[in-house]
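Asks: I need the structure of the sequence given here:
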Amino acid sequence: MGLISAKTILTSICLFHITLAFFFVTNPATIADQGVVWLMGEAMGLPHSRHFDTQSPTAAFLGIVLGLWGLTDLVSLSMPEEIALIHHWGSQVPLRLTCSFFLTLYSFFFSASSPLYDSATPSGGKFSHPTTSSSFESQYAAKEVAGDWGWGGDALKNRVFFTFMFVETFSWFWVYLTLKEEQVDILKRAAQRREKERDRF
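Replies: Below is the predicted model of the structure:
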């Protein structure tokens, strides 16, 4: 059994989503200016998105979706332990882990700072420290101002999205491991409860 239970980690993730929702609706710049967002963005060579500097309908919509997501996940934790953690989260966690992992990979490996592209690493060869060239920054800014992304996935190649997906991947992987550890104990407790209920009758 881990030091922190799966239910506690899931509750923390739900509250994290609700907190992000609040800031996306009220002041998205608070999220974009966080130290961890800057650190991850600089380390991976991802550009800063100016869309998070001010309130926008898109950020408000994202905030509402994240808030509802956090609330519904929080409500699911109020179900009986066996149903919530084994059946519901047993299927949700691997799906969310997979989606967040591939979105994290997409956000970095298909951006201009990716080590897959020679043009993205002007100072060195492949797999050198990722840097975002000034021409890429200006192209990204021009696309951002014009709203012309080519397709929607290009707008996801920024430091806020990458950091969010990275934290999600880490969190869901932690929940996945903790659920696997706790699964046997949860099923034992559920079996003991059923035996006690049978003995009463």
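Asks: would you put the C-alpha positions of stretch 49-63 in PDB?
Replies: What follows is stretch 49-63, C-alpha atoms only, in PDB (Å, rounded to 0.1, in the frame of the first residue of the first chain):
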ATOM      1  CA  SER A  49       1.200  31.800 -26.200                       C
ATOM      2  CA  ARG A  50      -0.200  35.300 -25.900                       C
ATOM      3  CA  HIS A  51      -3.700  34.000 -25.900                       C
ATOM      4  CA  PHE A  52      -3.400  33.400 -22.200                       C
ATOM      5  CA  ASP A  53      -2.400  37.000 -21.400                       C
ATOM      6  CA  THR A  54      -6.000  38.200 -21.300                       C
ATOM      7  CA  GLN A  55      -9.400  36.700 -20.800                       C
ATOM      8  CA  SER A  56     -11.000  35.300 -23.900                       C
ATOM      9  CA  PRO A  57     -14.100  33.300 -24.800                       C
ATOM     10  CA  THR A  58     -11.800  30.300 -25.600                       C
ATOM     11  CA  ALA A  59     -10.200  30.400 -22.100                       C
ATOM     12  CA  ALA A  60     -13.600  30.800 -20.500                       C
ATOM     13  CA  PHE A  61     -14.900  27.800 -22.400                       C
ATOM     14  CA  LEU A  62     -11.900  25.700 -21.400                       C
ATOM     15  CA  GLY A  63     -12.400  26.800 -17.800                       C
END
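Asks: average model confidence for that stretch?
Replies: Averaging pLDDT along stretch 49-63 gives 89.
Asks: Who are the contact partners of the closest residue to residue 97 other than its chain neighbours?
Replies: Nearest residue to residue 97, sequence neighbours excluded (Cβ to Cβ, 6 or more residues apart in numbering): residue 172, at 3.9 Å. (Each C-beta comes from the backbone N, C-alpha and C, glycine too.) Taking Cβ atoms under 8 Å, 6 or more residues apart in numbering, we find residue 172 in contact with 13, 93, 96-97, 100.
Asks: Buried ones from those residues, can you make that a ChimeraX selection?
Replies: Here is the ChimeraX command that selects the buried residues among those (16 or more other Cβ atoms under 10 Å):
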select :13,93,96,97,100
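Asks: can you list the contacts of residue 172 in TSV and add pLDDT and distance to residue 21?
Replies: TSV is the format used below for those (pLDDT from 0 to 100; distance: Cβ to Cβ, whole Å):
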residue	pLDDT	distance to residue 21
13	97	13
93	96	21
96	96	17
97	96	21
100	96	17
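Asks: and which of the contacts of residue 172 is nearest residue 183?
Replies: residue 93 (11.5 Å; Cβ to Cβ).
Asks: Which strand or helix spans that closest one?
Replies: Element membership for residue 93, per DSSP states H and E: helix 89-109.
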